[in-house]
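Participant: I'd like to go over a predicted model; first the sequence, then the structure.
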Amino acid sequence: MSTPSNQVPNIPEEYLSYTVIHNYSPNSELELKDALNQNYDVILLSDITLGKRVCNWVQLGNILHKFGVISGVSSLLLNIATQTADWLTGCISVCSIISITIYNTVWRPDIMSCYQLDTRGDFVAQMPLSSVKSQSLMVLVKQDDKYRRFLHNLIGCFLLIQFGLKLRN
């Protein structure tokens, strides 16, 4: 059963594993590493400095993915639409392949790639926050991104085929 994107998914508390990393903890990086290794569903970061670094790292992975997919689809569509812009589709394909390669070699093996930032606050609304003493929270939510990875790699394969055919001709 799926929930509409504008509603909070109703997950009973006993099935939702989470941890809170406080801003007053001297070992907050180690706590985050342990939380990531224990595969918590939700990780609440009240350490602002650590939260900003985690946010930047997750955004880097998202940018690599989006750039690889959007430029790859653009290259494929441009190749279908016009046969005269070989240099343009070639450059866009190379940029997309480089982005996909960086994503697959640097971002995907990192355990942080399984988490996304909860920017809408869906999960915070249903969590007992009695242990949180901070006003600002960064919320990491575990995501299953197998479809995202499949799309990413499928576009990369199509681009390699297209690029190989262009070089052959």
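Facilitator: Cool, the structure landed.

Participant: so which residues make contact with stretch 110-118?
Facilitator: Applying Cβ atoms under 8 Å, 6 or more residues apart in numbering, the contact partners of stretch 110-118 are 36-37, 39, 42-43, 54-55, 57-59, 61-62, 107, 124, 138-143, 145. Every residue, glycine included, has its C-beta placed from N, CA and C.

Participant: quick one: mean pLDDT for it?
Facilitator: Across stretch 110-118, pLDDT averages out at 82.

Participant: check which helix or strand the residue nearest to the spatial centre of the chain maps to.
Facilitator: By Cα atoms, centre = their mean, the chain has its centre lying nearest to residue 62, at 4.6 Å. If you go by DSSP states H and E, residue 62 is part of helix 48-81.

Participant: rewinding a little: just the buried ones from the contacts of stretch 110-118?
Facilitator: The neighbour-count criterion (16 or more other Cβ atoms under 10 Å) marks 36, 42-43, 54, 58, 61, 107, 124, 138-142, 145 among the contacts of stretch 110-118 as buried.

Participant: which two from those residues end up farthest apart in space?
Facilitator: Farthest apart among those by Cβ to Cβ are 107 and 124. That separation is 25.3 Å.

Participant: contacts only, for residue 100.
Facilitator: With Cβ under 8 Å, 6+ apart, residue 100 has these contacts: 68, 72, 152, 153, 155, 156, 159.

Participant: residue 102 too?
Facilitator: Contacts of residue 102 (Cβ under 8 Å, 6+ apart): residue 64.
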